[in-house]
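> Give me coordinates for this.
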Amino acid sequence: MINRLRADPVIRKHYQFWFYSYPTGYPFAYSAAILREELDGVEKQFPKLQPMVVIGHSMGGCISRLLLTDSGDQLWMKIFGRPPDEVPLSPKTREYFREELFFRHRPEIGRVIFIASPLRGSNMATGMIGGLATLLIREPTLSSQASQEMLRATNIREEELRPKRRANSVDSLSPRSRFLNALNTIPMTPGVPYHTIIGDRGRGDSPNSSDGVVPYWSSHMDRAKSEDIVPSGHSAHQNPQAIEDVLRILKSHAK
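Numbers count the residues shown, from 1 in each chain. Okay, the predicted model is just below:
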């Protein structure tokens, strides 16, 4: 996709490409917290930047969704049921969860494109493949410690948190995830358009389709500015039709 976008003279004239890579072992809420810190630094260094267009594939789309969200205390209260100062957590763990669960939308974001994004989770995260992926993921020590403290501080069932595997990026995409379910009760900030590109493996069976990893119901957003169903598996960002749609959106945004 990037080579195709950079080859277009209109895109080269109006856009500069930046990339954010996130560790696979982190819950996506924590990766989003790190991204917010990085964007704070960008804002200080380049205060007059034009609004960004964010393109997120797969879990990157879930991270991008948080950039359009004002959490208030809703996520914290859904998970812990008590204000932060009343939850028995160590100072380090309390700050870890504060960074994950309290945030405002990013005003520098002007548009978002979600590609094959499991915005409502994926059952694969709870199945055999999800379990295998979790075994292969190396989890950060702080996340592991925080997961254990959360289990002690809440009434979350042991099987829901899965402390034997602990909460990482794969677990955070389970449709049973408290965080994900709470997040999907919070609307994205109005006024920022977003688009979805969804693979159906060429079967033409939407809305019952899947890209093999993410089902249509998880990627579909009722208020999306546009939705493009492409004949692709989960690697929809490599699909020619999807790339042309991204080109269209970027050119329209640049006008």
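> all strands of the stretch 101-250 of the chain, in order?
109-115, 194-199, 226-230 (DSSP state E, counting those that start in this stretch).
> possible to save these as CSV with mean pLDDT, mean neighbour count and distance to residue 62?
For glycine as for every other residue, the C-beta is placed from the backbone atoms N, C-alpha and C. Output for those, formatted as CSV (pLDDT from 0 to 100; neighbours: other CB atoms under 10 Å; distance: least, CB to CB, whole Å):
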stretch, mean pLDDT, mean neighbour count, distance to residue 62
strand 109-115, 98, 23, 9
strand 194-199, 98, 26, 13
strand 226-230, 98, 20, 17
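> and residue 5, which of those is closest to it?
Closest to residue 5 of the strands of the stretch 101-250 of the chain is strand 109-115 (CB to CB; 11.5 Å).
> for this structure, what's the longest helix?
Longest helix of the chain, by residue count under DSSP state H: helix 28-45.
> So which bits of it are buried?
Using 16 or more other CB atoms under 10 Å as the test for burial, helix 28-45 gives 28-33, 35-36, 39.
> Low-confidence stretches in the chain?
Scanning the chain for pLDDT under 70 picks out the ranges 124-172.
> Which residue would you name as the spatial centre of it?
By CA atoms, centre = their mean, the chain has its centre lying nearest to residue 62, at 1.2 Å.
> Could you look up the SS state of it?
helix (DSSP: H, G, I helix; E, B strand; the rest coil).
> from memory it sits against residue 119, does it?
Yes. Residue 62 lies in contact with residue 119 (CB atoms under 8 Å); the separation is 6.3 Å.
> dump the residue contacts of the closest residue to residue 102 other than its chain neighbours.
In space, and not counting its chain neighbours, residue 102 is closest to residue 71: 5.8 Å by CB to CB, 6 or more residues apart in numbering. By CB atoms under 8 Å, 6 or more residues apart in numbering, residue 71 lies in contact with 101-104, 186.
> can you do 7 Å?
101-103, 186 (CB atoms under 7 Å, 6 or more residues apart in numbering).
> Who wins on neighbours among those residues?
residue 101 (23 neighbours; other CB atoms under 10 Å).
> Dump the buried residues of helix 28-45 to a markdown table, plus distance to residue 224.
Shown next, in a markdown table, are these (distance: CB to CB, whole Å):
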| residue | distance to residue 224 |
| --- | --- |
| 28 | 20 |
| 29 | 22 |
| 30 | 26 |
| 31 | 23 |
| 32 | 20 |
| 33 | 25 |
| 35 | 22 |
| 36 | 23 |
| 39 | 23 |
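> Out of these, the closest to residue 76 would be?
Minimum distance to residue 76 across these is 11.5 Å, recorded for residue 29 (CB to CB).
> Spatially nearest residue to that closest one, not counting backbone neighbours?
residue 100 (4.2 Å).
> likewise residue 208?
Nearest one to residue 208, counting by CB to CB, 6+ apart, is residue 216 at 6.9 Å.
> So what's the residue count around the one you found?
19.
> so residue 3 is in which element?
Using DSSP states H and E, residue 3 falls within helix 2-6.
> Can you give me the buried ones in that helix?
Of the residues in helix 2-6, those buried (16+ other CB under 10 Å) are residue 5.
> Check the gap between the residue nearest to residue 237 when sequence neighbours are not counted and residue 194 for me.
Leaving aside its sequence neighbours, residue 237 sits nearest to residue 57 (CB to CB, 6+ apart; 4.6 Å). Distance of residue 57 to residue 194, computed by CB to CB, to the nearest Å: 14 Å.
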